[in-house]
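Quick one, what's the 3D model for this:
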Amino acid sequence: MELELHQLELRYESLRKRHPAQERQLLASLAEVGQQLPIVVIGEAARFVVIDGYKRVRALKRLARDTIRGTRWEMPEVEALLLERRMRCASEDALDQAWLMVALQERFGLSLEELARGFERSRSWVSRRLGLIQVLPGAIQEQVRAGVLSAHAAMKYLLPLARANAAAVTELSRAIVSCQPTTRQVGALCAGWRGGTERTRELILASPHIFLQAQVAQSAPEPSATQRWLNDLGALAGMARRARKPLEKGLLQQLLACERRAVDDGFARARADVDRLFVRLALESGHAG
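Got it, this is the predicted structure:
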């Protein structure tokens, strides 16, 4: 069925995380080939509640389209929401599920037992997810919804800190999302915060990217003997190129007699050292053992 965009009620849009990269790809696809999959709605007449397809709705709005193709499910709203989530359950994380559970409790008054039956899970499974909403600060949940913080990072690293100090972890998350961290980097920042001194925490809040750079430098593997030797050869070649440039600009003609003698002595020593290096290389290269 063809629907006008103004007919849609985006009642559950806040329950879905934003994925900016995916939305850009979808926008490009819709602009090039048009809408391929219909959205899912319930309702009739002038208003339709969107059950699935919020990214497609946003993309078509950005393309200034007026209509969208949809499929209408003939079932009550709560059953449609539960069915849609069961269909995508394998790809969902706990926060997505928790947001829907809270919405179902608030809108339809579902009990813990009813949510467990609807999601085909145990009461403890439902209770743990509802606990995420109760513990994880709202500001961090909004960062997850906006797509600037991964749900996995929020649950694995920020949630344990939030249980101890919700205000501090809110400040921490606000600082670290500025550098668009990966889940691994969020873990490193949280570990640094948890085990660091007050000065370390100040650095993480002020410049999380500098803290991450320092962590990478500290964990860099020690180069092998071969790599160190190759590095030395590269440095030797670089210094030779740099020392040649002043000669090409006529440096020798500008030197005093005493300076010229010092330069000649320096070049003699350098030539001797380099000659010994190449002689040794030739000797080792031809050695059978």
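
What pLDDT does the model give residue 219?
With respect to pLDDT, residue 219 has a value of 63.

Low-confidence regions, this protein specifically.
Low-confidence segments of the chain (pLDDT under 70): 89-91, 219-222, 287-289.

per-domain residue ranges of it.
1-74, 77-135, 147-219 (automatic domain parsing).

can you redo those domains as a markdown table with mean neighbour count?
Quick note: C-beta positions are derived from backbone N, CA and C, even for glycine. Formatted as a markdown table, the domains of the chain follow (neighbours: other CB atoms under 10 Å):
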| stretch | mean neighbour count |
| --- | --- |
| domain 1-74 | 15 |
| domain 77-135 | 16 |
| domain 147-219 | 16 |
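
Ok, which of these comes nearest residue 256?
Nearest to residue 256 among the domains of the chain is domain 147-219 (44.0 Å), distances taken as CB to CB.

ok, residue 261 - how many residues close by?
Around residue 261 sit 11 other residues, with neighbours defined as other CB atoms under 10 Å.

ok, now which ones touch it?
Applying CB atoms under 8 Å, 6 or more residues apart in numbering to residue 261 gives no contacts.

Look through this structure and report the residue furthest from the middle.
The C-alpha centroid of the chain is most remote from residue 257, which lies 62.3 Å away (CA atoms, centre = their mean).

before we move on, the earlier item: could I get the domains of the chain in TSV, plus columns for distance to residue 239?
Shown next, in TSV, are those (distance: least, CB to CB, whole Å):
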stretch	distance to residue 239
domain 1-74	44
domain 77-135	54
domain 147-219	24
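
now the nearest residue to residue 14 once chain neighbours are set aside: how far from residue 23?
Spatially, and ignoring its direct neighbours in sequence, residue 14 is nearest to residue 145 (6.6 Å; CB to CB, 6 or more residues apart in numbering). Separation of residue 145 from residue 23 (CB to CB, to the nearest Å): 13 Å.

Please apply the same query to residue 60.
12 Å.
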